[in-house]
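Visitor: here is a sequence together with a model predicted from it:
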There are 2 protein chains.
Amino acid sequence: MAQSPSIPKGTRDYSPEIMVKRNYIFDTIKSVFKLYGYMPLETPAMENLSTLMGKYGDEGDKLLFKILNSGDFMAHVPDNELQERNSIRLTNKISEKGLRYDLTVPFARFVVQHQSELTFPFKRYQIQPVWRADRPQKGRYREFYQCDVDVVGSNSLLHEVELIQMVDEVFRRLKIHVRLLINNRKVLAGIAEAIGYPDKLVDITVAIDKMDKIGLENVNAELREKGICDEAVEKLQPILNLQGSNTEKLSQLRTILKDSETGLKGIEELSTVFDYLDNLQINTEVKLDLTLARGLSYYTGAIFEVKALDVQIGSITGGGRYDDLTGIFGLKNMSGVGISFGADRIFDVMQQLALFPQDNMTTTQILFVNFGEKEERYCLSLLKQLRAAGINTELYPEAAKMKKQMGYADKKGIPYVALVGETEIQEGILSLKDMTSGEQTNLRVEDVITKLKR
Amino acid sequence: MAQSPSIPKGTRDYSPEIMVKRNYIFDTIKSVFKLYGYMPLETPAMENLSTLMGKYGDEGDKLLFKILNSGDFMAHVPDNELQERNSIRLTNKISEKGLRYDLTVPFARFVVQHQSELTFPFKRYQIQPVWRADRPQKGRYREFYQCDVDVVGSNSLLHEVELIQMVDEVFRRLKIHVRLLINNRKVLAGIAEAIGYPDKLVDITVAIDKMDKIGLENVNAELREKGICDEAVEKLQPILNLQGSNTEKLSQLRTILKDSETGLKGIEELSTVFDYLDNLQINTEVKLDLTLARGLSYYTGAIFEVKALDVQIGSITGGGRYDDLTGIFGLKNMSGVGISFGADRIFDVMQQLALFPQDNMTTTQILFVNFGEKEERYCLSLLKQLRAAGINTELYPEAAKMKKQMGYADKKGIPYVALVGETEIQEGILSLKDMTSGEQTNLRVEDVITKLKR
């Protein structure tokens, strides 16, 4: 009974200090989503295993958290299966539900299930935890939040443009300097064609994707390993090394991919997006990166990745266009595009660069010191006035020693302490102590409101 | 593969229309919590079963959703246990984690685990889903949100007062007329003493608690069934029927409970709370109800319940003081008091009474009609200006038929549509159509900002 309690490994409690910071990030992101007409959606933590299984590969199936059926779940397991002791096969007999692994599959499931009620293009954002039975390690958790924004039911490139605008605005507000890398899967397909291996698109994509981590030499080695001949690898080098502005790169690519219809289509898409962005003059550098591939195979058009410039960390946001997300649930031709903000990494970047604004991180603005019953009653009406003006305030709940009360304000990061004793009551004022400077000022409650509302 | 997808029974998707309304409720509640210095906390969805089991009674243990261990969970089950096919015993071998059943036990676990880092009194709110393997029925779900606010580490009655102030403020903002019923467990204990059955407190409490549902006659019958003699039941009647104001009731109770130290303590607590509230002049009627008992047995002082006055529905908020919440995890003498807002019921009340404010429920304020490539580019810069002014706006992503574009605005509940064709571009204006009145006005973008910011 009295053992020291703990939580499952790979999970976290979010203490108030952390929550306030996380909420600052999520609130910033949400307000930008809303500016662009994206609306909130939430789906259940539990999905039927039939919805989840087979969507994330064999490895993903293993990493799903499965929920034991309620009641006498063993009653229906056939004798021979029990003897067999095959955990995987037995799972199917004793578990029908699992915890969601990402927000994409539940979103696709939602769109298909509710297709007749939805207005397309359907623009939604979703910020919820997901669960993966991964081996926990630094920066990898078994429960973590995803923050996705997608639009489905439209193949207009204006959505690519607005997603980039949103990335620009979110990181401008969070004060994180970023670069947005962009590429297009059709261009990658064109490149595979151009070097003579249209059927090896996946292998080429997977290899190129590692450029950042393992370098050009090793990428080339991997390509050869996958059966790409020396000549083709040679042909690929100038493409991966294209220099110049986005426009210059695209113009060189037009020559290289002149015989690939798909490739040219990809170039046109990129060109249109760049053209819109030029007119809109966004702050973020948007850079065409032909080595950007993004592992997940369902992307079919634009792909994005956002890197923080002042911190060594992987990508903090990424996404792309997919032409067949809902096909897995039987609804064809539903093109969509979306991005996912990496909340944990964004948090780490802001923490490292001390970007959380001080004044947004305090919840209580004034603590009233409790001097006893008479003062207490007087203070309560002051608190009422301050709260009516939208100022967060607390009265220490008992007439404890001054040191203890000040310690409470200090530990909770409360910026002001109000002292109201007999003199102050007589004069109708309160003595407001600035906890940072130590300065103490006598003010009427109206003046306190003006001061703090400033 | 292509079967129509669905979600587990008892769970819900929260569509954008529902989410916007739910967020309105949660945002209102959260802003009041913050006014009083309560801070956000979140705990993991999964807790160790050792944390959860035995905390909710035998029935509760059965209703916990248990998570199957990862990997080859069958490998460690002894042969004889496998043969036994005892689902309950087997659960202990193949499952170590469960989904949280409420927010109270995880909160107690958090406080004990982090006691050395916390500042007491520790004031936190927590809004997260909980899961129960209950039989789903109307109004009862297997996944639902709880919205708890508690303070621990202080036995000051000022906290009872501020919780009542918070209830008053939340429902004033939501425009729900409510009555707050209050009682005190010590008074109930005093009553049990006064009628000669101090040892039957739980039976008496449980019976009285049903007054609302089954009426006085049946309550009396249940009391007799539990072995309370006729004389004692007779003695109880005038107590349950006390009439008059709170002060009058308390004054009568002082006589009735004059020999019970506990009872008198309870009366003093109630009296103090009423006294504070009188000074604060809150709008909500706070009524002493001696039949209010609240089933959960851990309450030890004040108990509260909030009823909506204009709708027939159970209590929409409730709570109380508990002197030994963290005792289950080995930390003694940690008194606390808290309340829980019933989000689903509050939602139903607001829906039935049409209390959701129209203008808070729209996310996009203006839809720009798409007339083609040239207009599109021009519009994008207008959208940029509007968004910079904080106005949520969208451009329809393609030059579709007018009817389709207007239909999109209509279905999404967008209040204004902007029409910008060649004439408007030349004149530097936009034609703004009010979707409710049908009225169309020519305005400069600055005027639109002024109009919508009003």
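Guide: Thanks, I have the structure now. Nothing here was measured: the structure is a model prediction, and the numbers come from that model.

Visitor: counting by contacts, list what the host helix or strand of A:V170 packs against.
Guide: Using DSSP states H and E, A:V170 falls within helix A:158-174. Packing partners of helix A:158-174 (3 or more C-beta pairs under 8 Å, 6 or more residues apart in numbering or on different chains; DSSP states H and E): helix A:16-35, strand A:143-152, strand A:178-184, helix A:261-280, strand A:302-308, strand A:317-322, strand A:336-341, helix B:373-388. All C-beta spots, glycine's among them, are computed from the backbone N, C-alpha and C.

Visitor: wait, what's in contact with the closest residue to A:R387 other than its chain neighbours?
Guide: Leaving aside its sequence neighbours, A:R387 sits nearest to B:L35 (C-beta to C-beta, 6 or more residues apart in numbering or on different chains; 4.6 Å). Neighbouring residues of B:L35 by C-beta atoms under 8 Å, 6 or more residues apart in numbering or on different chains: A:387, A:390-393, B:166, B:169.

Visitor: quick check: the residue of the stretch 201-350 of chain A nearest chain B.
Guide: A:G330 (3.3 Å; C-beta to the nearest C-beta).

Visitor: can you report phi and psi for that residue?
Guide: phi 90, psi 0 (degrees, to the nearest 10).

Visitor: I figured it hits B:S4, correct?
Guide: Yes - applying C-beta atoms under 8 Å, one finds A:G330 in contact with B:S4, separated by 7.3 Å.

Visitor: can you list residues touching both of the two?
Guide: With C-beta under 8 Å, 6+ apart as the test, A:G330 and B:S4 both reach A:V112.

Visitor: which one's more surrounded, the two?
Guide: Set side by side, A:G330 and B:S4 show more neighbours around A:G330, with 12 against 9, by other C-beta atoms under 10 Å in any protein chain shown.

Visitor: tell me the pLDDT at the more buried one?
Guide: Looking at A:G330, its pLDDT stands at 91.

Visitor: now the closest residue to chain B within the stretch 151-300 of chain A: how far from A:G263?
Guide: Residue nearest to chain B within the stretch 151-300 of chain A (C-beta to the nearest C-beta): A:S156, separated by 3.5 Å. According to C-beta to C-beta, to the nearest Å, A:S156 and A:G263 sit 21 Å apart.

Visitor: of these two, who's got more company?
Guide: A:G263 (24 against 20).

Visitor: tell me the confidence at A:G37?
Guide: For A:G37, pLDDT reads 96.

Visitor: try A:L296
Guide: Listed pLDDT for A:L296 reads 61.

Visitor: quick one: mean pLDDT for stretch A:427-438?
Guide: 95.

Visitor: buried ones in that stretch?
Guide: Within stretch A:427-438, the residues that count as buried by 16 or more other C-beta atoms under 10 Å in any protein chain shown are A:429-433.

Visitor: within reach of chain B, which of those residues are there?
Guide: With C-beta under 8 Å from any C-beta of the partner chain as the criterion, those include none near chain B.

Visitor: could you list which of the residues you listed belong to helices?
Guide: Among those, no member is found in helices (DSSP state H).

Visitor: write out the residues of the stretch 201-350 of chain A neighbouring chain B.
Guide: A:276, A:279-280, A:328-330.
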